[in-house]
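A.B. asks: below are the sequence and a predicted model for it; my questions follow.
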Amino acid sequence: MARYELLNNVAHRDLRVITRFGREYGDEVGLIPAVPTEFAELQREYPIFFRRGGDGGEWQAVALLGFEAKENLFLQGERWNARYLPGYVARGPFLIGFQERTVDGELRREPVIHVDMEHPRIGRGEGEPVFLPQGGHSAYLEHVIGVLRGLRDGVEAAPAMFAAFEAAGLIQPLDLQVQLDAQRRVDLAGLHGIDRERLAALDAETLHRLHRAGYLEGAYLVLASMQNMRRLMAEKQRRLRQQGEAAAA
């Protein structure tokens, strides 16, 4: 169970975070949340899809990591085999919360960093230090702060962007039936994507409106990310062959 604390360099002066990867750190997942601010990086490595939030809520973007709920095909031992690490992984045990402060008689909500002290990456004497001996931010913490800012900006931008995609009829359900070999086929239900034909058929006014809002590029990035399905399939097929060879040995 999570136990969040407001991060500070006194209570957490000796805090360390393990940065290697593995099942024990919660990395074996098939889908991970994604935000528009990282689409340009994500689309080089991961397929990007949309799905509804719980009970038919707002659209959410996700990056596909594997073909099963607890399968991450980017994990290779303690390594994450990709040039870009998704923000929701790179943030580790940290997240942005809000703290109310009164400034000049006005109540303001300011973003602050919290840490989950029950997170499996919290090191017990090992891992990257969060603070320097004299109390300043370590290089690792500075990196995490940048990741958290990007995630916050992406979370804030996502609802309007995805609503614009939906209004333009661009988000459509996908029939994803992946044939891995002669015996194995995977059906990925509940995922949606950008409809290429509908995007190409948009009228000039809608295209201009999406472009002016900065959303058109995002639609094309999601489309471009679909080429990564081949990479995922190839890695899954390689692992299936390995399993077959090991079973036959």
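C.D. replies: On my side now, so go ahead.

A.B. asks: burial measure for the closest residue to Gly193 other than its chain neighbours, as a count.
C.D. replies: The spatially closest residue to Gly193, leaving aside those adjacent along the chain, is Leu174, at 4.9 Å (C-beta to C-beta, 6 or more residues apart in numbering). Quick note: C-beta positions are derived from backbone N, CA and C, even for glycine. Using other C-beta atoms under 10 Å, Leu174 has 16 neighbouring residues.

A.B. asks: go on, Ala200?
C.D. replies: 8.

A.B. asks: start at 7, not 1
C.D. replies: OK, 7 is where the count begins now, so the last one is Ala206.

A.B. asks: burial count for the nearest residue to Asp201 once chain neighbours are set aside?
C.D. replies: Among residues not flanking Asp201 along the chain, Gln178 sits closest, at 4.2 Å (C-beta to C-beta, 6+ apart). When neighbours are defined as other C-beta under 10 Å, Gln178 has 15 of them.

A.B. asks: the chain: helices as residue ranges?
C.D. replies: Secondary structure of the chain, counting by DSSP state H: helices at 45-48, 93-96, 145-173, 202-206, 210-219, 222-231, 234-254.

A.B. asks: low-confidence stretches in the protein?
C.D. replies: Of all residues in the chain, those with pLDDT under 70 make up the ranges 61-62.

A.B. asks: my guess is the residue nearest to Gly199 meets Ile54, correct?
C.D. replies: No. Leu180 lies out of contact with Ile54 (C-beta atoms under 8 Å); the separation is 11.7 Å.

A.B. asks: rewinding a little: next one: the residue nearest to Asp201 from Gly131, what distance?
C.D. replies: To Gly131, Gln178 is 51 Å away according to C-beta to C-beta, to the nearest Å.

A.B. asks: same check on Val192?
C.D. replies: From Val192 to Gly131 the distance is 41 Å (C-beta to C-beta).

A.B. asks: more neighbours: which of those two?
C.D. replies: Val192 (15 against 6).

A.B. asks: residue contacts, that one?
C.D. replies: Going by C-beta atoms under 8 Å, 6 or more residues apart in numbering, Val192 touches Phe73, Glu74, Gln183, Val184, Leu186.

A.B. asks: ok, 7 Å please
C.D. replies: By C-beta atoms under 7 Å, 6 or more residues apart in numbering, Val192 lies in contact with Phe73, Val184, Leu186.

A.B. asks: now do Glu172
C.D. replies: Neighbouring residues of Glu172 by C-beta under 7 Å, 6+ apart: Trp65.

A.B. asks: ok, which of the helices of the chain comes nearest Val118?
C.D. replies: Val118 lies closest, by C-beta to C-beta, to one member of the helices of the chain: helix 145-173, at 10.4 Å.

A.B. asks: run the angle between that closest one and helix 210-219 for me.
C.D. replies: 160 degrees (axes from the mean of the first three to the mean of the last three C-alpha atoms, to 10 degrees).

A.B. asks: next one: helix 145-173 to chain centre, how far?
C.D. replies: Mean-position distance between helix 145-173 and its chain equals 10 Å (C-alpha atoms, centre = their mean, to the nearest Å).

A.B. asks: quick one: buried residues of it?
C.D. replies: Under the neighbour-count criterion of 16 or more other C-beta atoms under 10 Å, helix 145-173 has 146-147, 149-150, 153-154, 156-158, 160-161, 163-164, 167-168, 170-171 buried.

A.B. asks: repeat that for stretch 81-96.
C.D. replies: Neighbour counts over stretch 81-96 (16+ other C-beta under 10 Å) mark Leu81, Trp86, Ala88, Tyr90, Leu91, Pro92, Gly93, Tyr94, Val95, Ala96 as buried.

A.B. asks: which one of these is nearest to Arg218?
C.D. replies: Nearest to Arg218 among the buried residues of stretch 81-96, with distances taken as C-beta to C-beta, is Gly93, at 26.3 Å.

A.B. asks: please consider this matter closed, and thank you.
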